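**Student:** Please work out how this folds:
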Amino acid sequence: MLSNLRVAVVHEWLVDYSGSERVLEQILQLFPQADLYAVVDFLPDRLRGFIQNKQVKTSFIQKLPFAKTKYRSYLPLMPIAIEQLDVSGYDLVISSCHAVAKGVLTGPDQLHISYTHSPIRYAWDLQHQYLRESDLDRGVKSWLARWLLHQIRIWDTRTANGVDSFVANSQFIARRIQKVYRREATVIYPPVDVDNFALVSRKSDFYLTAARFVPNKKIDLIVEAFSQMPDRQLVVIGDGPGEVKIRSKAAGAKNITLLGYQQPQVLRDYMQRSKAFVFAAEEDFGITPVEAQACGTPVIAFGKGGVLETVQGIEQDSPTGVFFPEQTVSSLIAAVEKFESCHDRITPAACRAKALRFAPARFRQEFISYVEQAWTAWQA
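**Tutor:** Numbers count the residues shown, from 1 in each chain. The predicted structure follows:
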């Protein structure tokens, strides 16, 4: 029924292969005939396979000075840029959106489905956190940023009217969509390549955390907590702008090993062998906790956001992890101690079973069924 449709897929920006790009990859597998649009496309040749080497149709921002490295700085221009992408010749438009992609202009004879990773986080409930972490919480630049975010909120709310159907990547994001746009959203969890993370039942005596060293990942909090637990070994994988701060917190702590950036196969090996994976971020969904569980590895996580839907708490049947209620050192230390006292209740098999719920095949089946139903209802 859908194979004869003219389909356009609109993505935010194409610069790497991370969470939203994994969703895009599966959508393009379902709609190989689709044309692909984005604000900018700076994908290296080695990554173009996941978009089937398609020629991407981009906006005028693609040609602006320093766009390859500073494309985020052009956020004020992105609303008008996305509106200049001409998708008027398509029957079905699918936007993959965490910022502006849903703002693409569609007509009354087109069905627009938006897979929403989140409404623009830094413009809505996370604005104050964003301003603090960007050193924009005071002064003239702060007021300029606040005015800009206010204008983006107005635009973001208005463009929600151009979406016929919302799909959210978690119940957490469905609630955010309801709060911001006053629209219902169907939850279809993102795909996680669980087959690439084999189950290993034999664990070593160390904890693992891995992420970019950016403020919202809270790697500094994890390092500080383990520096106060000298009998607990922690391995940290990742790099980023916060590396100096994190290394200073780990200085003198013989139980903390900072490995820097590692290739995926090295990260996978540590994930398979670790006693538990520690995750302190508040994420919309959170892929790495699912990857850890696919390895049979329990998760110790901050108990807010999408992780509440991907990890089974210790108080539940077939638990796969332990939650801590606050992003504080003391709260994390208490969670580690709780895990040590009851980790025998968590089995590698239960962790693996929880992760399998997020396999790519499940995503493709749920998403194509949703689009078919939406198309049938819309036609009627």
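**Student:** use CA for all of it now, contacts and neighbours both
**Tutor:** OK.
**Student:** Strands of the stretch 201-350 of the chain, residue ranges please.
**Tutor:** Ranges of strands within the stretch 201-350 of the chain are 207-210, 234-237, 256-260, 276-279, 299-302, 321-324, based on DSSP state E, counting those that start in this stretch.
**Student:** Partner strands of the fourth one, with direction?
**Tutor:** In the sheet containing strand 276-279, the strands it pairs with under DSSP bridges are strand 207-210 (parallel), strand 299-302 (parallel).
**Student:** among those strands, which is the most enclosed?
**Tutor:** Compared across these, strand 299-302 shows the largest average neighbour count, a mean of 27 (mean count of other Cα atoms under 10 Å).
**Student:** how is this protein carved up into domains?
**Tutor:** 7-191+359-379, 194-358 (automatic domain parsing).
**Student:** ranking these by burial, who's on top?
**Tutor:** domain 194-358 (a mean of 20).
**Student:** and the end-to-end length of it?
**Tutor:** Start to finish, the residues bounding domain 194-358 are 8 Å apart (Cα to Cα, to the nearest Å).
**Student:** mind checking the SS state of residue 105?
**Tutor:** Three-state call for residue 105 (DSSP: H, G, I helix; E, B strand; the rest coil): coil.
**Student:** after the worst-scoring helix or strand of the chain on mean pLDDT, next one along is what?
**Tutor:** Confidence across the helices and strands of the chain bottoms out at helix 127-133, with a mean of 81, counting by mean pLDDT, DSSP states H and E. The C-terminal neighbour of helix 127-133 among helices and strands, as given by DSSP states H and E, is helix 139-159.
**Student:** Mind listing residues that contact that following helix?
**Tutor:** Contacts of helix 139-159 with the rest of the structure, by Cα atoms under 8 Å, 6 or more residues apart in numbering, involve 76, 79, 100, 102-103, 120, 122-124, 131, 136, 180-181.
**Student:** As a check, name the ranges of all helices in the stretch 251-380 of the chain.
**Tutor:** Assigned by DSSP state H, counting those that start in this stretch, the helices in the stretch 251-380 of the chain fall at 264-273, 287-294, 307-310, 329-342, 348-355, 360-379.
**Student:** So which elements touch the third one?
**Tutor:** With contacts defined as 3 or more Cα pairs under 8 Å, 6 or more residues apart in numbering; DSSP states H and E, the secondary structure elements packing on helix 307-310 are helix 287-294.
**Student:** on contacts alone, who are the packing partners of the helix it packs on?
**Tutor:** strand 276-279, strand 299-302, helix 307-310, helix 348-355.
**Student:** between that helix and helix 264-273, how big is the angle?
**Tutor:** 60 degrees (axes from the mean of the first three to the mean of the last three Cα atoms, to 10 degrees).
**Student:** so for helix 287-294, what's the average pLDDT?
**Tutor:** If you average the pLDDT over helix 287-294, you get 96.
**Student:** Next: stretch 227-244.
**Tutor:** Averaged over stretch 227-244, pLDDT sits at 94.
**Student:** Compute the first-to-last residue distance for it.
**Tutor:** Taking Cα to Cα, stretch 227-244 runs 16 Å from one end to the other.
**Student:** ditto for stretch 204-224
**Tutor:** When the termini of stretch 204-224 are compared using Cα to Cα, they are 22 Å apart.
**Student:** ditto for stretch 75-95
**Tutor:** 18 Å.
**Student:** Could you measure from residue 41 over to residue 13?
**Tutor:** Noted for residue 41: a distance of 6 Å to residue 13, by Cα to Cα.
**Student:** can you check residue 251 too?
**Tutor:** Using Cα to Cα, which is the criterion applied here, residue 251 is 37 Å from residue 13.
**Student:** Same check on residue 114?
**Tutor:** Relative to residue 13, residue 114 is positioned 15 Å away (criterion: Cα to Cα).
**Student:** for residue 63, same thing?
**Tutor:** The spacing between residue 63 and residue 13, counted by Cα to Cα, is 14 Å.
**Student:** cool, residue 351 as well?
**Tutor:** Counting by Cα to Cα, the separation of residue 351 from residue 13 is 33 Å.
**Student:** what's the answer for residue 59, then?
**Tutor:** 10 Å.
**Student:** Show me the common contact partners of these two, please.
**Tutor:** With contacts taken as Cα under 8 Å, 6+ apart, residue 59 and residue 13 have 38-40 as neighbours in common.
**Student:** Pick out whichever of those sits closest to residue 92.
**Tutor:** Set against residue 92, the nearest of the shared contacts of residue 59 and residue 13 by Cα to Cα is residue 38 (16.2 Å).
**Student:** In the sheet, which strands lie alongside the helix or strand containing the closest one, parallel or antiparallel?
**Tutor:** With the criterion set as DSSP H and E, the secondary-structure element containing residue 38 is strand 35-41. Looking at strand 35-41 with DSSP bridges, its paired strands and their directions are strand 7-14 (parallel), strand 57-58 (parallel).
**Student:** want to throw those into a markdown table with distance to residue 48 and mean pLDDT?
**Tutor:** Putting those into a markdown table (distance: least, Cα to Cα, whole Å; pLDDT from 0 to 100) gives the following:
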| stretch | distance to residue 48 | mean pLDDT |
| --- | --- | --- |
| strand 7-14 | 10 | 96 |
| strand 57-58 | 14 | 98 |
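**Student:** Ok, which of those comes nearest residue 292?
**Tutor:** Judging the strands paired with strand 35-41 by Cα to Cα, what sits closest to residue 292 is strand 7-14, at 26.2 Å.
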